[in-house]
Structure formats: C-alpha cells, structure tokens
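Enquirer: task: produce atomic coordinates for the following.
(one chain, ligands or ions: 4)
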Amino acid sequence: MNKKILGFLLIIGLALVFAFASNSLYAGTKVEDSFKMKAKEYKKHKKGIVTFSHKKHSTDYKAECGECHHDKDGKPLNDLKMGDDVQRCIECHKETKKKKDEKISKKEKIKKYYENAIHANCKGCHKDHNKEKGYKKENPKAAPVSCKTCHPKTAK
Ligand code: HEC
Ligand code: HEC
Ligand code: HEC
Ligand code: HEC
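Expert: Ligands and ions are numbered 1, 2, ... in the order given. Here you go, the predicted structure:
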C-alpha cells in the first residue's frame, strides 16, 4: 500500500473515532432552561401555549427531578442527572383525544391522558405551595393554578 492511501485511511479512521467520541459526549437528552410546552402530538392546541422554566423549577423552586420525572411504574427518578435519557411525559401518558363522559377513575385518567397527567403534576404542586405560603389564588405571588394564569390568552 502506498503512503498516500495509508495516510488517507488514517484520517478516515481518526474522523470516525472522533465522531463516536463526540457523539457519546452528547448522549442523553438535552433540556433547555426554559421552553414552550407544545406537544406535537396535538393537531391543534385549544389553549394558549405555556412557557415552562425548567431550570427555575429545579434551582430556584428547589423541586427534585423525581417530583416530575418517574419510571414506567410511576416510581420517582430522584437520581436523574442532566444528560441522562429522559422520556417525554406523553410517551407514557399517551392519549390526547379525550372521550366525553368516560367512566374511569381520576387515577386512570391521569395514567391515560397527557393533559390530565400534566395538570395533576403542575397544579398539584402549585396548590400545595400556595397553601403552605397562605397565598390565595388571586395573589400575584401564587404559583399558577387557574387556566388563565398558566395558559396565556392567545393560542399559538
Ligand atoms: C417541575 C417539574 C420538573 C422538574 C423538577 C424537573 N423536570 Fe425535567 N422536565 C419536566 C418537563 C415537564 C419536561 C418536558 C417533558 C415533555 O416534553 O414531555 C422535562 C424535560 C426534561 C428533559 C428533556 C426531555 C426531552 O426529551 O426533551 C430532561 C433531560 C430533563 N427534563 C431532566 C431533568 C433533570 C435531570 C431534573 C432534575 C435536576 C429535572 N428534569 C427536573 C419537568 C421537570
Ligand atoms: C415511562 C413511563 C412514564 C413517563 C415517561 C411518565 N409517566 Fe407519569 N406515570 C406513569 C405511570 C405508569 C403512572 C401510574 C403509576 C401508578 O399507577 O401508581 C404514572 C403516574 C403519574 C401521575 C400520578 C401520580 C400520583 O401520585 O398519583 C402523574 C401526575 C404523572 N404520572 C405525571 C407525569 C409527568 C408530568 C411526566 C413527565 C414529566 C410523566 N408522568 C412521565 C408512567 C410514566
Ligand atoms: C414540585 C413542585 C412544582 C411542580 C411539579 C411544578 N411547579 Fe411550577 N412552580 C412551583 C413553585 C413553587 C412556583 C412559584 C415560585 C415562586 O414564584 O415563588 C411555580 C411557578 C410556576 C410558574 C410561574 C413562575 C414561572 O416560573 O414562570 C409557572 C408558569 C409554572 N410554575 C409552570 C409549571 C408547569 C407548566 C408545571 C408542570 C409541567 C409545573 N409548574 C410544575 C413548583 C412546581
Ligand atoms: C400550571 C399550569 C396549567 C394550568 C393551571 C392549567 N394548564 Fe392546561 N396545560 C398545561 C400544560 C403545560 C399543558 C401541556 C401542553 C403541551 O405540552 O402541549 C396543558 C394542556 C392543556 C390542554 C391540552 C392542549 C390544548 O391546548 O388543547 C387543555 C385543553 C388544557 N390544558 C386546558 C386547561 C384548562 C381548561 C385549565 C383550567 C381548568 C388548565 N388547562 C389549567 C398547563 C396548565
């Protein structure tokens, strides 16, 4: 084999090694500090799009990862770290289309419907927080619990 081809192969090899190495550096799911909650599984959103400050919730409001993220049995993922693979809520709470007058328990609804799971999680903690602080719903300092304080007016 001549030197030129050998050099060429070496470069290709190095490029491959580098590609794999950098790939593993970025393995797992990245998360923005703040993002719009707009699941693509909805054809159309009925309500305004909520902006969620992921970073503020875990740093300023001191919420544990496991207060929102859990495994397939609903067990809290308290040891989660940034960069770990994290499933989206809708991967398990799959349904977006609600059937009217469906006779299932509140718990079953949460398990089934994305919207119910999200509302139970977000509003549940917000209600507890406001109760603990003695905030009424109307208090501007209160964590949002009513539709309009969380969903902005214009649906986008
Ligand atoms: C207050 C609730 C809450 C807390 C606390 C929280 N998260 Fe999240 N996290 C979410 C929500 C909601 C999403 C968006 C999931 C979705 O789109 O279904 C998300 C998304 C993510 C994603 C990106 C997933 C993707 O595919 O887009 C990662 C990674 C993540 N969180 C890691 C963490 C880690 C690590 C912690 C703890 C340090 C943490 N989260 C704390 C609610 C929370
Ligand atoms: C890997 C699948 C999976 C993912 C991902 C997932 N869940 Fe769940 N979740 C479950 C299961 C299963 C249950 C029911 C557990 C039980 O029956 O006790 C559950 C239960 C819940 C409950 C009810 C908890 C209670 O105390 O009654 C809420 C609220 C909830 N999930 C919200 C979320 C939110 C918000 C996310 C995303 C940040 C999420 N889930 C991601 C599988 C998942
Ligand atoms: C474990 C508790 C907890 C959970 C779960 C939680 N929050 Fe909060 N959230 C808080 C607290 C505490 C505040 C109020 C902080 C303050 O203003 O002092 C807050 C404030 C907010 C605010 C107003 C201030 C801001 O940061 O923009 C929004 C919007 C919000 N939460 C959205 C959400 C959404 C959406 C979810 C569900 C995906 C969620 N939260 C889940 C604890 C929680
Ligand atoms: C704590 C914030 C919060 C509060 C309070 C809240 N929601 Fe939501 N809601 C959300 C988030 C976040 C989603 C998920 C949107 C997504 O990821 O696409 C959602 C989803 C929805 C959806 C499905 C998506 C759509 O737009 O069609 C409906 C409908 C909805 N909410 C209605 C309501 C109604 C009605 C109320 C009052 C009874 C309410 N929400 C209160 C945060 C909130």
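Enquirer: so which bits of this structure are right by ligand 3?
Expert: 37, 50, 52-53, 56-57, 61, 63, 67-68, 118, 121-122, 125-126, 129, 143-144, 150 (CB under 6 Å from any ligand atom). To be clear about C-beta, it is placed using only N, CA and C from the backbone, and glycine gets the same treatment.
Enquirer: in PyMOL, how would I select just the buried ones from the residues you listed?
Expert: The buried residues among the residues of the chain next to ligand 3 can be selected in PyMOL (16 or more other CB atoms under 10 Å) with this line:
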select buried, resi 50+52+57+67+68+118+121+122+125+126+143+150
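Enquirer: the residues of the chain next to ligand 3: which ones sit near ligand 1?
Expert: Near ligand 1, by the rule CB under 6 Å from any ligand atom, you find H57, A63, E67, C68 out of those.
Enquirer: looking at those, which is nearest ligand 2?
Expert: C68 (4.5 Å; CB to the nearest ligand atom).
Enquirer: where's that closest one relative to C125, distance?
Expert: 8 Å (CB to CB, to the nearest Å).
Enquirer: quick one: contacts of stretch 58-65?
Expert: H57, P76, L77, N78, D79, L80, C125 (CB atoms under 8 Å, 6 or more residues apart in numbering).
Enquirer: and stretch 71-82, by the same measure?
Expert: Here stretch 71-82 has contacts from K30, V31, E64, C65, G66, E67, H69, H70, V86, C92, using CB under 8 Å, 6+ apart.
Enquirer: quick check on those: which are buried?
Expert: The buried subset of the contacts of stretch 71-82 (16+ other CB under 10 Å) comprises C65, E67, H69, H70, V86.
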